[in-house]
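Chemist: Fold the stuff below for me.
(one chain, ligands or ions: 1)
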Amino acid sequence: MNRRIKAIISIFCLTAIILTGCSNMTNNNLSEGSSDDLLWWQKTNAYEIYVNSFQDSDGDGYGDLNGIRSKLDHLKSLGVGAVWLTPVYESPMMDNGYDVADYYAINPRYGTMEDMDALIKEADEKGIHVVMDLVFNHTSDQNEWFLASKKSRDNEYSDWYIWRDPKEDGSEPNNWRSIFGGSAWTWCEERQQYYLHTFASAQPDLNWENPDVRQALCDIANFWIEKGAGGFRMDAIPYIKKPADFSDGPVDDSEGRADIHKMTANTDGILDFLSEFKTKVTEGKDVFTVGEANGVSPDQLKYWVGSEGVFDMIFEFSHVNLDFKESETWCKTGSWLLTDLKKALTDSQKATASNGWYPIYFENHDKPRSIDHFFPGNTDPVLAGKALGTVLLTLRGTPFIYQGEELGFTNVAWDSIDDYDDLNSHSQYEIALSEGFSEEEALDCVHRLSRDNARTPMQWDISDQAGFTTGTPWLPVHDDYINENAETESKDPSSVLSWYRKLTSFRSEKAVLINGAYKELLPESEEIYAFERKNENDRIVILVNFTGEDVSYDPEKAGIDKAAGEKILHSSYEDIKDSAPASIGNLRPYEAVLIGR
Ligand code: GLC
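Modeler: Down below sits the predicted model:
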């Protein structure tokens with residue numbers, strides 16, 4: 001939709017709101033009903049692009065905006081109506097763009113503002129809205145706001161970041177540990193004070209208590225709406241509000257530090273900041289917001305999304321952080337059961353059943369590949385990719401596909417820590433050594449959890465560098481690209497990609513998969529994830545075998561009514577050569593089936 005049409009719709013809606021007193025466009029009450037009650041972003045599929053790794057158009061080894069323009073048809077083939085780009089702004093790239101130097105400029109590595117305008121326009125013509133990543137908890141230490149702020153204690157920007165004097169002994173103001181490891185404070189010689197950073201020291205936290213900061217951030221978001229953005233992903237949002245009390249927290253590591261997440265995430269008052277943002281930026285406009293909100297539990301969701309909430313959706317982490325029950329560090333992760341995963345997903349489905357909306361995801365650029373994350377090491381990646389893809393594309397909410405997930409990408413396992421680019425992988429490796437793990441064990445944890453697993457270049461075809469670049473890719477292409485690439489998989493009806501295309505197209509035809517209520521079935525099973533989607537006219541039962549064995553279930557207990565004509569509509573085995581027809585009551589290893597009329 002172009003800007004003019006959006007403006008007309010906004011005026012229309014404003015009039016409707018005034019006349020009817022109905023709520024705004026972005027946060028209506030989203031209970032189950034007809035699909036016509038739902039907004040475009042609730043009926044579509046979203047897709048996350050990690051810009052560095054999607055498609056390189058100029059041979060420098062980095063993905064770019066013109067590369068994305070050349071691949072819009074791939075997104076179209078998956079029914080994608082919203083594409084989230086990781087940050088494309090001017091940045092020194094200490095954290096691949098999550099350290100913004102200028103929110104109004106495009107990183108030359110990715111192209112120009114003209115390229116961005118062209119991308120927004122061309123995507124729009126294909127019915128795809130571009131979603132910008134707003135990194136508003138912190139900036140880069142090269143941002144001109146910070147360069148000014150660090151100069152003195154009494155200039156216009158002095159109070160734009162979080163500065164504190166040292167303790168009496170000259171040490172950091174408190175013992176908080178940053179999310180990437182090490183102290184959350186860095187000393188600034190020039191200003192003779194410490195500044196706070198929730199993440200790396202090159203990412204100083206903004207001071208949201210200062211109204212000028214909040215206004216500057218609203219201005220940036222409005223600039224991007226004017227440019228034609230269709231939505232925002234709000235980075236690291238739980239950390240924007242700091243507590244009044246900056247005293248030491250409970251020590252939980254060998255260096256005497258306390259986890260900053262436990263000290264600052266979701267501090268009381270955060271919702272006031274965010275509702276101000278909603279009022280000044282998104283309210284009444286045809287854009288959606290999705291907050292990255294680690295630590296917001298399903299029972300708090302109602303304050304964050306829905307008619308009274310501050311966002312349209314939030315990415316909460318309960319289902320992707322099951323292994324972090326005991327500790328946040330990578331080598332101290334624990335095990336989990338299928339019932340834990342099912343409970344986490346079911347809790348979120350319930351919490352957004354009648355108010356709010358859920359962004360369904362298993363992968364993003366911060367997580368390992370889901371096939372490795374949710375299945376044991378020896379699992380057939382094609383079957384596992386289809387099994388998880390089935391859940392992703394049939395739960396209630398907006399599916400967020402992460403690049404490569406639709407091709408069944410798996411983790412990498414490079415020989416040495418020096419092969420890894422991600423700064424957090426390096427910190428976590430060091431933390432593991434300090435926790436007493438051997439180099440081999442620490443590397444094993446990096447293999448399992450490194451963010452680089454999800455950041456290897458897209459695999460388009462069997463040509464050199466998988467068609468990603470004509471140059472040397474910034475991160476090596478995965479060895480498996482000969483089998484796992486978009487071109488080969490497009491021609492293979494039994495591939496993960498073909499399954500994604502089949503299910504996204506089925507989802508767009510079957511209203512029940514968009515608006516139907518969710519109910520978990522077989523909740524006790526440690527083998528099968530089963531649930532139903534149901535509306536007034538229709539019902540679909542989804543069953544996914546999470547094991548490598550044949551399993552059987554009682555159709556009656558799974559709520560399947562054969563007498564009423566319910567049958568298997570799709571099986572993830574259906575295009576596998578020589579596979580027998582699927583049967584109700586049985587599932588083959590990792591099989592996913594959709595049952596309905
Ligand atoms: C978010 C991003 C992550 C980044 C961090 C700091 O969690 O998803 O990639 O490193 O914020 O901005």
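
Chemist: which parts of the stretch 51-200 of the chain sit against the ligand?
Modeler: Asp95, Tyr98, Val135, Phe199 (Cβ under 6 Å from any ligand atom). The way it works is simple: take the backbone N, C-alpha and C, and place the C-beta from them, glycine included.

Chemist: so Val83, which of the three states?
Modeler: At Val83 the chain is in strand, as set by DSSP: H, G, I helix; E, B strand; the rest coil.

Chemist: circling back to that earlier point, just the buried residues from the residues of the stretch 51-200 of the chain next to the ligand, in PyMOL please.
Modeler: Buried residues among those (16 or more other Cβ atoms under 10 Å), as a PyMOL selection:
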select buried, resi 95+98+135+199
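
Chemist: Find the closest residue to the ligand in the protein.
Modeler: Residue nearest to the ligand within the chain (Cβ to the nearest ligand atom): Tyr98, separated by 3.3 Å.

Chemist: residues in contact with the closest residue to that residue other than its chain neighbours?
Modeler: Excluding its sequence neighbours, the residue lying closest to Tyr98 (Cβ to Cβ, 6 or more residues apart in numbering) is Val135, at 5.3 Å. Val135 sits next to Pro87, Gly97, Tyr98, Asp99, Val100, Asp235, Ala236 when contact means Cβ atoms under 8 Å, 6 or more residues apart in numbering.

Chemist: try Gly81
Modeler: With Cβ under 8 Å, 6+ apart, Gly81 has these contacts: Trp40, Trp41, Lys43, Thr44, Asn45, Ala46, Gly127, Ile128, His129.

Chemist: I'd guessed the second one sits against Gly397; true?
Modeler: Right, the one you point to is Trp41. No. Between Trp41 and Gly397 there is no contact under Cβ atoms under 8 Å: 10.6 Å.

Chemist: just to revisit the earlier point, inside helices: which ones of the contacts of Gly81?
Modeler: Trp40, Trp41, Lys43 (DSSP state H).

Chemist: Can you tell me which of those has the most neighbours?
Modeler: Trp41 (25 neighbours; other Cβ atoms under 10 Å).

Chemist: Who does the closest residue to that residue other than its chain neighbours form a beta bridge with?
Modeler: Distance criterion Cβ to Cβ, 6+ apart; nearest residue to Trp41, sequence neighbours excluded, is Phe288 at 4.3 Å. Beta bridges link Phe288 to Gly231, judged by DSSP bridges.

Chemist: Okay, Phe288 and Gly79: tell me how far apart.
Modeler: 17 Å (Cβ to Cβ, to the nearest Å).

Chemist: got it, and Phe374?
Modeler: Counting by Cβ to Cβ, the gap from Phe374 to Gly79 is 23 Å.

Chemist: circling back to that earlier point, with pLDDT as new columns, can the contacts of Val135 be given to me in JSON lines?
Modeler: Output for these, formatted as JSON lines (pLDDT from 0 to 100):
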{"residue": "Pro87", "pLDDT": "98"}
{"residue": "Gly97", "pLDDT": "98"}
{"residue": "Tyr98", "pLDDT": "98"}
{"residue": "Asp99", "pLDDT": "98"}
{"residue": "Val100", "pLDDT": "99"}
{"residue": "Asp235", "pLDDT": "98"}
{"residue": "Ala236", "pLDDT": "98"}
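
Chemist: Please flag which of those residues sit within helices.
Modeler: Per DSSP H, the subset of these in helices is empty.

Chemist: Can you turn the buried subset of these into a selection I can paste into ChimeraX?
Modeler: A single ChimeraX command is used to select the members of those judged buried by 16+ other Cβ under 10 Å:
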select :87,97,98,99,100,235,236
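
Chemist: could I get the contacts of Val135 as a markdown table with distance to Asp418?
Modeler: Formatted as a markdown table, these follow (distance: Cβ to Cβ, whole Å):
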| residue | distance to Asp418 |
| --- | --- |
| Pro87 | 26 |
| Gly97 | 23 |
| Tyr98 | 22 |
| Asp99 | 22 |
| Val100 | 28 |
| Asp235 | 28 |
| Ala236 | 28 |
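
Chemist: Can you pick out the most distant pair from the contacts of Val135?
Modeler: The span of those, defined through Cβ to Cβ, is set by Gly97 and Ala236 at 13.1 Å.

Chemist: buried ones in stretch 52-63?
Modeler: So stretch 52-63, judged by 16+ other Cβ under 10 Å, has buried residues Asn52, Ser53, Phe54, Gln55, Asp56, Ser57, Gly61, Tyr62, Gly63.

Chemist: Equivalent analysis for stretch 536-553, please.
Modeler: Buried, per 16+ other Cβ under 10 Å, within stretch 536-553: Arg539, Ile540, Val541, Ile542, Leu543, Val544, Asn545, Phe546, Thr547, Gly548, Val551, Tyr553.
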